[in-house]
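> structure for the following, please:
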Amino acid sequence: MNRAAHRGLLGVVLIGLALTTAPSSAATRQAVAVSAAASAEAAPIDPDRARMNRRVFDRVWDEVRRGYYDPSLHGVDWRAARERFRPQALAAADDRALYHVLNEMLDLLDDGHAGASPPAAVRRQDRQYQRRAVMGLTLMAGEQRDVWTVERVRPGSPAEAAGVQIGWTLNTLDGRAWGADVEVFDGRPVQLALTDETGARRDVTVTPRLMDGPQPFVADRSRPRVLVLTVEQFDEGLGRWVGSQLDGLAPEVDVILDLRANPGGRLWEAESVLTCFLPRGQAWATRTTRSGRAIVLRADGDCGDHDGPVANPVAVLVDRASRSAAELTPAALQEAGRGLVVGETTGGSVLIAQDTDLPDGGRLTLSRSDFVTRGGVRLEKRGVTPDVPAPRTLAQRRSGDDPTLAAAIAALEGVGSTAAAAAVLDR
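Numbering: from 1, shown residues only. Okay, the predicted model is just below:
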C-alpha cells in the first residue's frame, strides 16, 4: 500500500476519543431509568421520538454485533442484551435517557473505548477549538461513568472566576445530574453543586461566556536547551506540526512531549509523531482485526519535511489520564530505547477504535482492532509504566508547580540517568 493510501486509511481510525454520557451517581443512574419509565407511563412517547430511538438503538446494537474487534464480544450474550435494553431505549423520552440506556448496554463489553455520545456532546467535540460559550472546565470521567472530576480549570474562564478548583467533583448543574448531553449558553448563569477534596459541598454560580478555543498543540521554548511540545489530543496535522517545530533544532536541545490528560485521537497522527523520532519503516506495533488479520504498524507517517528521524534526546510526560494514542506513542519510544517516559502509569485504554455517526447526530465509538506493541505487550487494562515515576499532587497542580516536567528535564540533562530526576522529586 502506498503512503497516500495508507494515510487515507489511518486518517479515519481514532484511538479513544469517546465522549460518553453518564449520570453522576448510582442513585441518579437509577433515577434516570425510573424517570424515563415514569414519563412513558404518564404520557405516550412522541411517535417521531420513538422511531428515532429505534433507529439509533438498532444501529448501535448492529454495529457491535458486526464490527466489534472481538467476535465473541467478550462472552456477552448480545441478543439477550438487545431483549433487555431495546424496550428501555424505545421508551426514552429524551437524549439523556436514550444514551444512558445505550451506554449501559455498551458497558457490558468492559471496554473503555466503547461509548455512545449524544448529539450535544458531538457538537461540543466538533467545535472544541472554535470560539464558543464555555464555563472553562475540563471534566474527566472516572473508572465509573457516573463520577466526573474537574481535571482542568482554564485560566481567565468563568469557572476560574467563580473559584472552582481542580480535583472537585461535579454533582449537578441547575439541579440536574451532569451528563455529556448538557449544553451551556453565553450569558446564561448556571448553578453548580460540587464536592471538594474534603467531602464538603461547594455551591457556585458560573456564567458561561464566549471564549476562543484552546490551541490543540503548543510549543514552549522558554527554557534553555529544552523544547516542550504540549499536545491536547492527536488531531489532524499533528505530525506535520511536530516536524515543523523540529526544523533546524540544534542537536543539544532536549525535546519533551507532554501527553498528560491527552485522550488519544488519530492513529495516523500517532504514527506520524513516531516517524519524527524512529527510523522510517521501523515496526512499532501490530494491530489485529476482527477477522484475525495482523497488520504491522511502521514509522511511515508524515513528519513534515523530515526524511529521517531527529537525533535529539526525547522524554514523554504521561499521567493516569493519558489514553490510547497518548499511551501507544510513549510505549513505542520506550521499547525502541528512543525516549524516556516520565510521570504516572497511564490509563490502559489502548484498542484501535473508529467512530460511527448515528441517525440522530450522535456518535458511536467502538473498538475495531486489538493492539500489541512491537515487543508483544498488550497495553489494554495495563497501561505504560514510566521509566521515571514522577507523580504530581493535587496541590502542585493547583499551584502550577510541575515536578513531572522538572524530573524529565533533569533526567535528560543526566543523559538518560534517572538519578537526577529522583533528586528533583526528593526536594
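> so which residues of the stretch 301-427 of the chain form helices?
Applying DSSP state H, counting those that start in this stretch to the stretch 301-427 of the chain gives helices spanning 325-335, 394-399, 403-413, 419-426.
> for residue 136, which non-adjacent residue is spatially closest?
residue 157 (2.2 Å; CB to CB, 6 or more residues apart in numbering). Just so you know, the C-beta spots here come from the backbone N, C-alpha and C atoms, and that holds for glycine as well.
> let me redo that: residue 345
Nearest one to residue 345, counting by CB to CB, 6+ apart, is residue 383 at 4.7 Å.
> quick one: that neighbour and residue 330, what's the gap?
Applying CB to CB, to the nearest Å, the value for residue 383 to residue 330 is 10 Å.
> how about residue 373?
From residue 373 over to residue 330 (counting by CB to CB), the distance is 11 Å.
> need the helices for the chain, in chain order.
3-10, 26-42, 47-67, 78-90, 95-107, 119-126, 158-161, 238-246, 267-275, 325-335, 394-399, 403-413, 419-426 (DSSP state H).
> hang on, residue 344 packs against residue 388?
No - using CB atoms under 8 Å, residue 344 is not in contact with residue 388, being 10.5 Å away.
> quick check: longest strand of this structure.
Longest strand of the chain, by residue count under DSSP state E: strand 363-373.
> what pairs with that strand, parallel or antiparallel?
strand 115-117 (antiparallel), strand 283-289 (antiparallel), strand 352-357 (antiparallel) (DSSP bridges).
> now the shortest one: buried residues?
Pointing back at strand 115-117 there. 115, 116, 117 (16 or more other CB atoms under 10 Å).
> buried sites along stretch 212-225?
In stretch 212-225, counting by 16+ other CB under 10 Å, buried: 216, 217.
> residues near residue 110, how many?
Other residues within reach of residue 110, judged by other CB atoms under 10 Å, total 11.
> give me the distance between it and residue 248.
Taking CB to CB, one finds residue 110 at 47 Å from residue 248.
> what of residue 362?
Residue 362 is 45 Å from residue 248, where distance means CB to CB.
> again with residue 74
49 Å.
> more neighbours: which of the two?
residue 74 (10 against 6).
> what sits closest to the more buried one if chain neighbours are left out?
residue 109 (5.6 Å).
> wait, the one you found sits on residue 61?
No - in this structure, residue 109 sits apart from residue 61 without contact. The criterion is CB under 8 Å, and the distance is 12.0 Å.
> intersection of neighbour lists for these two?
The overlap between the contact sets of residue 109 and residue 61 (CB atoms under 8 Å, 6 or more residues apart in numbering) is empty.
> any low-confidence regions in the stretch 251-400 of the chain?
Of all residues in the stretch 251-400 of the chain, none has pLDDT under 70.
> which ones are touching the nearest residue to residue 154 once chain neighbours are set aside?
The shortest distance from residue 154 to any non-neighbouring residue, by CB to CB, 6+ apart, is to residue 136 (3.9 Å). Applying CB under 8 Å, 6+ apart to residue 136 gives the contacts 153, 154, 156, 157, 158, 159, 160, 211.
> go with 10 Å
Shown in contact with residue 136 (CB atoms under 10 Å, 6 or more residues apart in numbering): 152-162, 164, 206, 208-209, 211.
> now do residue 181
21, 94-100, 117-121, 124, 362 are the contacts of residue 181 under CB under 10 Å, 6+ apart.
> residue 224 versus the residue nearest to residue 154, what's the distance?
32 Å.
> repeat that for residue 280.
From residue 280 to residue 224 the distance is 31 Å (CB to CB).
> could you do residue 176 as well?
Relative to residue 224, and taking CB to CB, residue 176 is found at 50 Å.
> got it, and residue 65?
57 Å.
> work out which residue lies at the spatial centre of the protein.
Among the residues of the chain, residue 263 comes closest to the average C-alpha position under CA atoms, centre = their mean, at 2.0 Å.
> shared neighbours, residue 344 and residue 388?
317, 404.
> for residue 210, give me its contacts.
Taking CB under 10 Å, 6+ apart, one finds 131, 132, 133, 134, 186, 187 in contact with residue 210.
> which one of residue 383 and residue 330 is surrounded by more residues?
residue 330 (27 against 20).
> if I look at the more buried one, how far off is residue 385?
Taking CB to CB, one finds residue 330 at 10 Å from residue 385.
> what's the overlap in contacts for the two?
With CB under 10 Å, 6+ apart, residue 330 and residue 385 have common neighbours 318, 341, 346.
> now the residues you listed in CSV, with neighbour count?
Formatted as CSV, the shared contacts of residue 330 and residue 385 follow (neighbours: other CB atoms under 10 Å):
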residue, neighbour count
318, 31
341, 29
346, 29
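> so which of the residues you listed belong to strands?
318, 341.
> pull the number of nearby residues for residue 187.
9.
> er, residue 196 actually
Neighbour tally, residue 196, other CB under 10 Å: 14.
> so who does it touch?
Per CB under 10 Å, 6+ apart, neighbours of residue 196: 150, 164, 165, 167, 168, 169, 202.
> quick one, which of these are buried?
Buried among these (16+ other CB under 10 Å): 150, 164, 165, 168, 169, 202.
> coming back round to it: of the contacts of residue 210, closest to residue 411?
Nearest to residue 411 among the contacts of residue 210: residue 134, at 35.9 Å, using CB to CB.
> nearest residue to the closest one in space, please, no chain neighbours.
Per CB to CB, 6+ apart, closest to residue 134 is residue 211, 5.2 Å.
> was I right about residue 405 contacting residue 257?
No - if you go by CB atoms under 10 Å, residue 405 and residue 257 don't touch, sitting 11.3 Å apart.
> okay, and the common contacts of these two?
By CB under 10 Å, 6+ apart, the residues touching both residue 405 and residue 257 are 228, 315, 317.
> contact partners for the second one?
So that's residue 315. Taking CB under 10 Å, 6+ apart, one finds 226, 228, 254-258, 330, 333, 339-343, 386-388, 404-405, 407-412, 416, 421 in contact with residue 315.
> distance of the nearest residue in space to residue 287 that is not next to it in sequence relative to residue 112?
Spatial nearest neighbour of residue 287, excluding adjacent residues (CB to CB, 6+ apart): residue 369 at 4.3 Å. As judged by CB to CB, residue 369 and residue 112 stand 15 Å apart.
> between these two, which one's more packed in?
Counted by other CB under 10 Å, residue 369 and residue 112 do not tie: residue 112 has more neighbours, with 23 against 19.
> right, and that one touches residue 366 too?
No - look at residue 112 against residue 366 with CB under 10 Å: they stay out of range, at 11.7 Å.
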